[in-house]
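> Provided below are the primary sequence and the corresponding predicted coordinates.
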Amino acid sequence: MVKDPADVLDRQKCLDALAALRHAKWFQARANGLQSCVIIIRILRDLCQRVPTWSAFPSWAMELLVEKAISSASGPLSPGDALRRVFECISSGILLPGGPGLIDPCEKNPTDTLTAMTEQQREDITSSAQFALRLLAFRQIHKVLGMDPLPQMNPRFNVRNNRKRRRDNSDGVDAFEGEGKKDKKDYDNY
């Protein structure tokens with residue numbers, strides 16, 4: 001066996017740098033062009049920093065998961081729909097040991113990108129994604145995003161509240177220039 005000179009770079013660091021380069025090229029080719037992909041990755045990175053449960057989720061595995069979830073949709077997704085789809089994928093158990101896992105597409109040999117995570121961490125993230133999905137379903141996305149809720153719209157300007165019929169005054173004349181309530185038969189001609 002030949003001994004390396006002292007000025008040679010560490011082999012493992014070089015292999016890690018090459019893997020990072022392959023990941024960057026893959027991201028540019030596959031994920032960068034997908035609508036909402038970069039936005040969802042940013043949201044999940046923020047989640048990984050804010051919520052201790054998510055901190056164990058490897059960055060590369062997260063990027064792979066988001067790309068697979070969004071690219072497998074039948075058409076372009078809005079950021080909200082894309083986030084829901086990613087949480088649905090995680091909630092389905094893709095991270096769990098018995099699940100399909102996330103194989104690294106940049107390696108020659110099949111390599112699971114989740115090997116750094118323990119079984120408990122995988123279960124915790126799956127459970128947290130299920131809870132986040134519940135919050136999304138009940139219109140509480142602000143809790144998932146870690147922000148204050150948006151102020152409620154003024155009911156005067158809310159389109160949904162404009163379904164009431166005009167009321168007649170007691171003297172039979174409506175406030176709108178003598179037009180009273182119209183019967184259904186009056187609208188049949190339109």
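Done, it's in. Numbering: from 1, shown residues only.
> Only C-alpha atoms from now on, for both contacts and neighbour counts.
Fine.
> and the most centrally placed residue in the chain, what pLDDT?
With distances taken as CA atoms, centre = their mean, L83 lies nearest the centre of the chain, 1.4 Å away. L83 carries a pLDDT value of 94.
> for G99, same thing?
We have a pLDDT of 76 for G99.
> can you list the residues that contact the longest helix along the chain?
As assigned by DSSP state H, the longest helix anywhere in the chain is helix 119-137. Residues from elsewhere that reach helix 119-137 (CA atoms under 8 Å, 6 or more residues apart in numbering): 53-54, 56-57, 84, 87-88, 90-93, 95-97, 141, 143-144.
> which parts of the very next helix or strand once past it are buried?
As assigned by DSSP states H and E, the chain's next helix or strand after helix 119-137 is helix 141-145. Buried residues in helix 141-145, defined by neighbour count with 16 or more other CA atoms under 10 Å: 141, 144.
> sorry, back to before: in the longest helix of the chain, what's buried?
Under the neighbour-count criterion of 16+ other CA under 10 Å, helix 119-137 has 121-130, 132-133, 136 buried.
> Ok, stretch 54-74 next?
54-58, 60-71.
> In helices, which of those residues appear?
Members of the buried residues of stretch 54-74 lying in helices (criterion: DSSP H): 60-71.
> Now do the longest helix of the chain, average pLDDT.
Helix 119-137 comes out at a mean pLDDT of 94.
> picking that back up, okay, the strand or helix carrying the residue nearest to the centre of the chain in PDB with CA atoms only?
According to DSSP H and E, L83 maps onto helix 79-91. Taking C-alpha atoms only, helix 79-91 is exported to PDB below (Å, rounded to 0.1, in the frame of the first residue of the first chain):
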ATOM      1  CA  PRO A  79     -47.400  27.300  -3.300                       C
ATOM      2  CA  GLY A  80     -50.300  26.400  -1.000                       C
ATOM      3  CA  ASP A  81     -51.200  23.300  -2.900                       C
ATOM      4  CA  ALA A  82     -47.500  22.300  -3.200                       C
ATOM      5  CA  LEU A  83     -47.000  22.700   0.500                       C
ATOM      6  CA  ARG A  84     -50.100  20.600   1.200                       C
ATOM      7  CA  ARG A  85     -48.800  17.900  -1.200                       C
ATOM      8  CA  VAL A  86     -45.400  17.700   0.400                       C
ATOM      9  CA  PHE A  87     -47.000  17.400   3.900                       C
ATOM     10  CA  GLU A  88     -49.300  14.700   2.500                       C
ATOM     11  CA  CYS A  89     -46.300  12.800   1.200                       C
ATOM     12  CA  ILE A  90     -44.500  13.000   4.500                       C
ATOM     13  CA  SER A  91     -47.700  12.100   6.400                       C
END
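> how many degrees apart are that helix and helix 119-137 in direction?
150 degrees (axes from the mean of the first three to the mean of the last three CA atoms, to 10 degrees).
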